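1. Pasting the sequence and the predicted model now:
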Amino acid sequence: MILIDIPANKKVYFASDQHLGAPTKEKSFPREQKFVQWLNEVKEDAAAIFLLGDLFDFWFEYKTVVPKGFVRVLGKLAEIRDSGIPIYFFVGNHDLWMRDYFETELNIPVYHSSQIFSINNKRFFIGHGDGLGPHDLGYKRMKKVFTFPLFQWLFRWLHPDLGVKLGQYMSVKNKMISGDEDFKFLGEEKEWLVQYCYRKLSQEHYDFFVFGHRHLPLDIQLNENSKYYNLGDWVHYFTYGIFDGDTFILEKYE
C-alpha cells in the first residue's frame, strides 16, 4: 500500500481518458490544450496527481522510439514532476503498451494494474478499470493477447511509421470514441465496475474506488462508508476528481 499525506490547503487530483490523438491529432489538439491548461491550474495546490489511463488514444514504445506529438502535455507533466509534485500513471486499454518511457524520462511511476493507496488514512482502490468485473469476456481475451510478450515483440518488428499508423487506425475505431451508446447509466446490476466494487468490499473495506474507462461520470454510494467514482473523460465531459483529505467530489472543467 502506498501512503500519501495531504498537507494543509493541498488537494489530490484525478483525471482519466483524454484520448489525445483521436479522432485525429488536429481535432484532438484543442483538448490537449485544455488539459494542459487544467494541469497548469491544479499544480498550484496539488499534493499529487493521478492519471488513470488512456491519456493517449494510442501509444506504443519501441526500444528507441515513441509516437510523435503530444509535446505540450508531456512537457507540462515533466514541469510538474520536476517541481516535486508526485504524479501516478495507470495504463488504460489504449495505452497498455506503455513501458518505461514515463519512468525514465519524466520520473512518473507507471502501473499496469489497480493499486491500493492510503491517502490521509482513507483507503483508495485505484485503477483504469478495463477488464474488471463480470462479463466482457471478449475484451478480456483480447487484452491477454495484446499483453502477451510474444505479440508485443512481433509488433515491435513493424516499422514505426506502419505500426503507429495501424495502431491509431484501430484505436479510433473503438466505440468509446466514435459513438455515444455507452454513455448511459445502465443500472448498478449492469455496471460491471460497480459489481466489481461490491465483490471487493465483501473481502475488505475501502473508502473510495476510483476508476476511468467507463467515460461516464459516476458517483455511487456502495454502502454507508464506501463510494465508487468514475472520472468520466476529456472527450465529452471534461470531468475530474478532487480529494481534499476528507471528501471526494467530481468537477467539470469549463
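-> The structure has been received and is ready for your questions. Numbers count the residues shown, from 1 in each chain.
2. all helices in this structure, in order from the N-terminus.
-> Remark: helices assigned in the chain by DSSP state H are 25-42, 71-82, 101, 137-146, 149-156, 160-172, 175-178, 192-201.
3. Lowest average pLDDT across those?
-> The weakest mean pLDDT among the helices of the chain belongs to helix 175-178, with a mean of 45.
4. What is the burial count for residue 1?
-> By the measure other C-beta atoms under 10 Å, the count of residues near residue 1 is 8. No exception for glycine: its C-beta is placed from N, CA and C like everyone else's.
5. what's it in contact with, if anything?
-> Shown in contact with residue 1 (C-beta atoms under 8 Å, 6 or more residues apart in numbering): 116, 117, 118.
6. shaky segments in this structure?
-> Low-confidence segments of the chain (pLDDT under 70): 133-182.
7. unless I'm mixing things up, residue 198 is touching residue 222, no?
-> Yes: counting by C-beta atoms under 8 Å, residue 198 touches residue 222, with 6.5 Å between them.
8. contacting residues for residue 183?
-> Contacts of residue 183 were listed using C-beta under 8 Å, 6+ apart, and they are 215, 216, 236.
9. again, only this time at 6 Å
-> Residues counted as contacts of residue 183 (C-beta atoms under 6 Å, 6 or more residues apart in numbering) are residue 216.
10. for residue 237, phi and psi?
-> phi -110, psi -30 (degrees, to the nearest 10).
11. Next one: the closest residue to residue 112 other than its chain neighbours from residue 98, what distance?
-> The shortest distance from residue 112 to any non-neighbouring residue, by C-beta to C-beta, 6 or more residues apart in numbering, is to residue 91 (5.4 Å). Computed as C-beta to C-beta, to the nearest Å, the residue 91 to residue 98 distance reads 5 Å.
12. repeat for residue 244
-> From residue 244 over to residue 98 the distance is 30 Å, taken as C-beta to C-beta.
13. neighbour-wise, which of these two wins?
-> The neighbour comparison of residue 244 against residue 98 (other C-beta under 10 Å) goes to residue 98, with 23 against 15.
14. what residues are up against the more buried one?
-> 59, 91, 110 are the contacts of residue 98 under C-beta under 6 Å, 6+ apart.
15. Check the burial of the second one by counting its neighbours.
-> In this case it means residue 91. With other C-beta under 10 Å as criterion, residue 91 counts 25.
16. Please apply the same query to residue 127.
-> The criterion is other C-beta under 10 Å. On that basis, residue 127 has 26 neighbouring residues.
17. Likewise for residue 33?
-> As a burial measure, residue 33 scores 12 neighbours (other C-beta under 10 Å).
18. Now it. Nearest residue, chain neighbours left out?
-> residue 72 (7.0 Å).
19. What's the separation between the one you found and residue 28?
-> Noted for residue 72: a distance of 12 Å to residue 28, by C-beta to C-beta.
20. what does stretch 12-30 contact?
-> 32, 35, 42, 46-57, 69-70, 119, 172, 177, 210, 212, 215, 231, 233-235, 240-243.
21. List the buried residues for that stretch?
-> Across stretch 12-30, burial judged by 16 or more other C-beta atoms under 10 Å covers 12-23, 25, 28.
22. dump the residue contacts of residue 44.
-> Neighbours of residue 44 in contact, by C-beta under 6 Å, 6+ apart: none.
23. For residue 196, see how far away it is.
-> 34 Å.
24. next one: residue 101
-> Applying C-beta to C-beta to residue 101 and residue 196 gives a distance of 29 Å.
25. okay, these two: which has more neighbours?
-> The neighbour comparison of residue 101 against residue 196 (other C-beta under 10 Å) goes to residue 196, with 21 against 15.
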